[in-house]
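Participant: Quick one: sequence and predicted model below, then my questions.
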Amino acid sequence: MNSRYKFTQPSIPLLKWLTCPGPSVPDHIRDILLGELFSSPTAVLMAILNGVILNIVALFSHSGSFFFLFMIFDVALSAARYLVLRRASRLAKRGLPTPTDLCLTMAILWCGLQGVMAFAFMITNVPFLQVLSALTVMGLTGPVCARNYSAPRFAFLLICLYNLPFVAGCAFSGDRWLWVTFIQTPIFLYGCMQILSRFQMMAVRTLQAEYKSNQDARQDSLTKLLNRPGLADFLSSASGQYALFYLDLDGFKQVNDAYGHLSGDKVLIEVAHRLMSRTRSKDIIARIGGDEFVIVAPDMPASEAGTFAEKIIQRITETPYDLGDGKTARIGISIGFAAYPDDSQTPEELLSKADAALYEVKHTGKGSHRRFMRVYDTGSPEQKVA
């Protein structure tokens, strides 16, 4: 899978149906499958060049203005299609809306145009033009399937648009033996649909497995929160103002020692639930160590971080933790925090400063919160916890 840029989903109902991979396919996989329709622009260019060559051959070997007009229209549509496709790819790379409906519609028109050309070639009764027509129809099928396997319905429509006119041209060619194409074509189309459906199914399974593997690598197996690599991935792409909170449980080791690690796991799971209940939907929570957690709060100014930390402490400590068999335990929590970009210009440094603030809390009473701040003394910057 080479396409990882997000293209806008179609808005025209027919195009939405043609490109829909199925109701059970998650949105993130739908986006990737749609992006595959925009891959390999070189294949599109090669198909366009082949069409131009055929038009030139037809123009110089067969009298009449039809092939001249056809060539002009074909070249104009092909050039426009290629330019729109390139523009869509550039917009997707920048995260902007893409002209998906236009791109798909132009692909349909182009394949329909090839079908008209195939029909015209077959009814000329010129043998070498008929052979070229058959080669073109066969030659198009491979690239069409390869570029559009992620949307079998759409690919099948494109194949029909140039294949069925070719079969109609066979019927009107005057050669009765070419009527055998009416028997071959349904078999051929059925085979194409089976191959396309199988390729799409394999692609969906591969993407699902890839997604699950990435999620497992970024997710804490016990609490289902992000783990340290998952947090690092998020921070690497974070932008704007945010506050970062470094949390450490107080008294958790005593729970483990007194009741065992299974009881400790229950506490950690409940802590994760309580953190999720107190944070906002856009906040990111990660477990990065045994009893260490990190919360990243986007769009939170430093002036609001202290109040937020107090609410977290209250939620974690307000009620005992049920360990089962009638046993309960109470734990506390200490929090150090820092604000971006006020306290640091890099996520790594910000995390380190929040950890330093937490260290001070743990050594001056626990159960409270503190911010790491930058102060200036005698003109030289000095970092300290305030």
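Facilitator: Nice, thanks for sending it over.

Participant: what kind of secondary structure is W110 in?
Facilitator: helix (DSSP: H, G, I helix; E, B strand; the rest coil).

Participant: With F337 instead?
Facilitator: On the basis of three-state DSSP, F337 is classed as strand.

Participant: So for it, what's the nearest residue that isn't a sequence neighbour?
Facilitator: Distances taken as C-beta to C-beta, 6 or more residues apart in numbering place F245 nearest to F337, at 4.4 Å, with adjacent residues excluded. Yep, even glycine has a C-beta here, placed from its N, CA and C like the rest.

Participant: what sits against the one you found?
Facilitator: 294-297, 305, 308-309, 312, 335-337, 354, 369 (C-beta atoms under 8 Å, 6 or more residues apart in numbering).

Participant: which of those lies closest to C20?
Facilitator: Set against C20, the nearest of the contacts of F245 by C-beta to C-beta is V296 (35.2 Å).

Participant: buried residues in the lengthiest helix in the chain?
Facilitator: Secondary structure of the chain per DSSP state H: the longest helix is helix 181-218. Using 16 or more other C-beta atoms under 10 Å as the test for burial, helix 181-218 gives T181, T185, F188, C192, L196, F199, Q200, A203, V204, L207, R218.

Participant: what two of those are the furthest from one another?
Facilitator: T181 and R218 (53.4 Å).

Participant: hmm, back to that, check which helices and strands the helix or strand following the longest helix of the chain is in contact with.
Facilitator: Using DSSP states H and E, the helix or strand that follows helix 181-218 in sequence is helix 228-237. If contacts are counted by 3 or more C-beta pairs under 8 Å, 6 or more residues apart in numbering; DSSP states H and E, helix 228-237 sits against helix 181-218, strand 284-287, strand 292-298, helix 347-362.

Participant: Just the angle for helix 228-237 relative to helix 347-362, thanks.
Facilitator: 120 degrees (axes from the mean of the first three to the mean of the last three C-alpha atoms, to 10 degrees).

Participant: so the residue nearest to F337 sits in a strand?
Facilitator: Yes - counting by three-state DSSP, F245 is located in a strand.

Participant: Give me the local confidence score for it.
Facilitator: Looking at F245, its pLDDT reads 97.

Participant: what bridges to it?
Facilitator: In this entry, F245 is beta-bridged to I295, F337, by DSSP bridges.

Participant: Please tell me how far it sits from K353.
Facilitator: Going from F245 to K353 by C-beta to C-beta, to the nearest Å gives 12 Å.

Participant: picking up where we left off before, and the buried residues of helix 181-218 as TSV, adding distance to K282 and pLDDT?
Facilitator: Output for these, formatted as TSV (distance: C-beta to C-beta, whole Å; pLDDT from 0 to 100):
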residue	distance to K282	pLDDT
T181	59	91
T185	54	93
F188	52	93
C192	45	92
L196	39	93
F199	38	92
Q200	34	92
A203	31	90
V204	29	91
L207	26	89
R218	18	89
